[in-house]
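S.K.: when you get a sec, could you give me coordinates for this:
(4 chains)
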There are 4 protein chains.
Amino acid sequence: MTRWMAHPMSVMVEFSMSPLDKGASVGDAVAKVVDFIDRSGVPYRLNPMGTVIEGTWDECFGLVKQCYALMAEESGRITITMKVDVRAGEDGRLDTKVRSVEERVGRKLRT
Amino acid sequence: MTRWMAHPMSVMVEFSMSPLDKGASVGDAVAKVVDFIDRSGVPYRLNPMGTVIEGTWDECFGLVKQCYALMAEESGRITITMKVDVRAGEDGRLDTKVRSVEERVGRKLRT
Amino acid sequence: MTRWMAHPMSVMVEFSMSPLDKGASVGDAVAKVVDFIDRSGVPYRLNPMGTVIEGTWDECFGLVKQCYALMAEESGRITITMKVDVRAGEDGRLDTKVRSVEERVGRKLRT
Amino acid sequence: MTRWMAHPMSVMVEFSMSPLDKGASVGDAVAKVVDFIDRSGVPYRLNPMGTVIEGTWDECFGLVKQCYALMAEESGRITITMKVDVRAGEDGRLDTKVRSVEERVGRKLRT
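M.R.: Next comes the predicted model:
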């Protein structure tokens, strides 16, 4: 058994997904995906450029695949960017990461 | 004169920046950069995986360069990811993009 | 059955993966992952900033997960960037995309 | 004078740029940008998902801005992804990074 299986890690994934064949206004396609994320029960935070989710590797990548399948029902050309941050022995980082920066800076920041 | 110069576009840049030579805890280096962004006056929103700023092309990329210079004072190996979204004839999208998704979905979302 | 299942799409994934807790020289960790990709049989192209693979969604994301598991044996903090480009009804794009640009430009380019 | 100014660093930038308002086939817009990069004299390598350039900070970001201005002549909605890798005291990494991986792995790889 690998160390990775024995010691679960906190996985955070930020991603955004756009159809390339729907013109400049991709809001409807994006809203459909965000609605799905919100109903999925997976912890997330929405920002102006993407969505950050947190879970196990399989929870995060399973959700991204479902979002993709949803968008692929209506689009034949999809572009996705993802950034993944894995850290051993931590969780709840959707909240703690921002708070930790605020503590170091010593004041509230714009979130 | 190019169309780009005649018709300013709203530029949003999400970016994150990490030293690779400081070990697993990069919080101090990140806090120093976020503190600088907060004092810069450039509109921004902090999220668990990065910072989104909005302005002209030169405002956004000038700020990223200043952040980089700050981190380079203490690190010889830096990695940066950036995502840029440019849209003609709009601004204030740090707030309107999230609100627009909420309106389409029909309820408040986690931000 | 969704359109996505009925009509397979060509998935290209560019990714790069670094340990954050191993210092500025991440070459050994990267080489171990690239060696694994090369032996996997999945079509890929290596470039100075990452690796592009092509296959089905599950082939691509399965390989990324295996690479991650390999790196996680030795690192507790890993950062990954991924860019995904999905296009219906095409494959072999590892070669055709560059060639198509060369044809449009009308000369050989540096690859 | 900051350490950053006194000790130049090698900057590598991988980037890709797409219009969102031109439909699924963005090849013409991409070719125009790559043609410009090829004529610019800045060292680069093209891959199936983007272009990697190397130079100083200002050379790299100046070129990205020119590419953007070119695309903005014809598009009002542009999305750019960038990954930046800065390393003190090195250059020529467009070639040495791939070769260094090949040396560690002990055989030629697909590039």
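S.K.: list the buried residues for the top helix by length along chain A?
M.R.: Counting by DSSP state H, the longest helix found in chain A is helix A:57-72. Buried residues in helix A:57-72, defined by neighbour count with 16 or more other Cβ atoms under 10 Å in any protein chain shown: A:W57, A:E59, A:C60, A:F61, A:L63, A:V64, A:C67, A:Y68, A:L70, A:M71, A:A72. Where C-beta positions appear, they are placed from N, C-alpha and C, glycine not excepted.
S.K.: do the same with stretch A:86-100
M.R.: Counting neighbours by 16+ other Cβ under 10 Å, stretch A:86-100 gives A:V86, A:R87, A:A88, A:D91, A:R93, A:L94, A:K97, A:V98 as buried.
S.K.: does chain B sit close to the helix or strand containing A:V86?
M.R.: Remark: A:V86 resides in strand A:77-88, with elements defined by DSSP states H and E. Yes - interface with chain B: strand A:77-88 contributes A:T81, A:K83, A:D85, A:R87 (Cβ under 8 Å from any Cβ of the partner chain).
S.K.: that strand - contacts with which helices or strands?
M.R.: Here strand A:77-88 touches strand A:9-19, helix A:57-72, helix C:57-72, strand C:77-88, going by 3 or more Cβ pairs under 8 Å, 6 or more residues apart in numbering or on different chains; DSSP states H and E.
S.K.: contact partners for the closest residue to A:L63 other than its chain neighbours?
M.R.: In space, and not counting its chain neighbours, A:L63 is closest to A:V42: 5.3 Å by Cβ to Cβ, 6 or more residues apart in numbering or on different chains. By Cβ atoms under 8 Å, 6 or more residues apart in numbering or on different chains, the contact set of A:V42 is A:I53, A:E54, A:G55, A:E59, A:C60, A:L63.
S.K.: closest one of those to chain B?
M.R.: A:E54 (8.0 Å; Cβ to the nearest Cβ).
S.K.: count of residues packed around that closest one?
M.R.: 22 (other Cβ atoms under 10 Å in any protein chain shown).
S.K.: tell me which strands and helices the host helix or strand of it is in contact with?
M.R.: Here A:E54 sits within strand A:50-55, counting by DSSP H and E. Judged by 3+ Cβ pairs under 8 Å, 6+ apart, strand A:50-55 is in contact with strand A:9-19, helix A:27-40, strand A:44-47, helix A:57-72, helix A:93-105.
S.K.: want to throw the ones you listed into CSV with distance to B:R104 and mean pLDDT?
M.R.: Converted to CSV, the helices and strands packed on strand A:50-55 look like this (distance: least, Cβ to Cβ, whole Å; pLDDT from 0 to 100):
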stretch, distance to B:R104, mean pLDDT
strand A:9-19, 15, 93
helix A:27-40, 4, 96
strand A:44-47, 12, 98
helix A:57-72, 14, 97
helix A:93-105, 23, 95
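S.K.: now distance to C:A24 too, for those, in CSV please.
M.R.: Listed next are the helices and strands packed on strand A:50-55 as CSV, based on distance: least, Cβ to Cβ, whole Å:
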stretch, distance to C:A24
strand A:9-19, 23
helix A:27-40, 36
strand A:44-47, 30
helix A:57-72, 27
helix A:93-105, 23
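S.K.: right, and those - which one's nearest B:D35?
M.R.: helix A:93-105 (4.7 Å; Cβ to Cβ).
S.K.: can you list contacts of the closest one?
M.R.: A:10, A:12, A:43-45, A:52, A:54, A:85, A:87, A:90, A:108-109, A:111, B:27-28, B:30-31, B:34-35, B:38, B:46-49.
S.K.: hmm, 10 Å instead?
M.R.: Contact partners of helix A:93-105, identified using Cβ atoms under 10 Å, 6 or more residues apart in numbering or on different chains, comprise A:10-12, A:43-45, A:52-54, A:85, A:87, A:90, A:108-109, A:111, B:27-28, B:30-36, B:38-39, B:46-49, B:51, B:110.
S.K.: what angle do that helix and strand B:50-55 make?
M.R.: Taking axes from the mean of the first three to the mean of the last three Cα atoms, to 10 degrees, one finds that helix A:93-105 is oriented at 70 degrees with respect to strand B:50-55.
S.K.: just the angle between the strand holding A:E54 and strand B:77-88, please?
M.R.: Using the same axes, to 10 degrees: strand A:50-55 against strand B:77-88 is 130 degrees.
S.K.: what pairs with strand A:50-55, parallel or antiparallel?
M.R.: Strand A:50-55 has the following sheet partners, assigned by DSSP bridges: strand A:9-19 (antiparallel), strand A:44-47 (antiparallel).
S.K.: so the longest one versus helix A:57-72, what angle?
M.R.: Between the axes of strand A:9-19 and helix A:57-72, defined by the same axes, to 10 degrees, the angle is 10 degrees.
S.K.: what residues of strand A:9-19 count as buried?
M.R.: A:M9, A:S10, A:V11, A:M12, A:V13, A:E14, A:F15, A:S16, A:M17, A:S18, A:P19.
S.K.: surely the residue nearest to A:L63 is within a helix?
M.R.: No - assessed with DSSP: H, G, I helix; E, B strand; the rest coil, A:V42 is coil; it does not lie in a helix.
S.K.: what separates it from B:A88, distance-wise?
M.R.: 35 Å (Cβ to Cβ, to the nearest Å).
S.K.: about what we covered before: biggest separation within the contacts of A:V42, which pair?
M.R.: A:E54 and A:L63 (10.5 Å).
S.K.: tell me which of the buried residues of helix A:57-72 is nearest to chain C?
M.R.: A:A72 (3.8 Å).
S.K.: quick check: bridge partners of the closest residue to A:V52 other than its chain neighbours?
M.R.: Of all residues not flanking A:V52 in the chain, A:E14 sits nearest, at 4.5 Å (Cβ to Cβ, 6+ apart). Legend: beta-bridge partners of A:E14 under DSSP bridges are A:V52, A:K83.
S.K.: A:F61 contacts C:V13, correct?
M.R.: No - checked against Cβ atoms under 10 Å, the pair A:F61 and C:V13 is beyond contact range at 11.7 Å.
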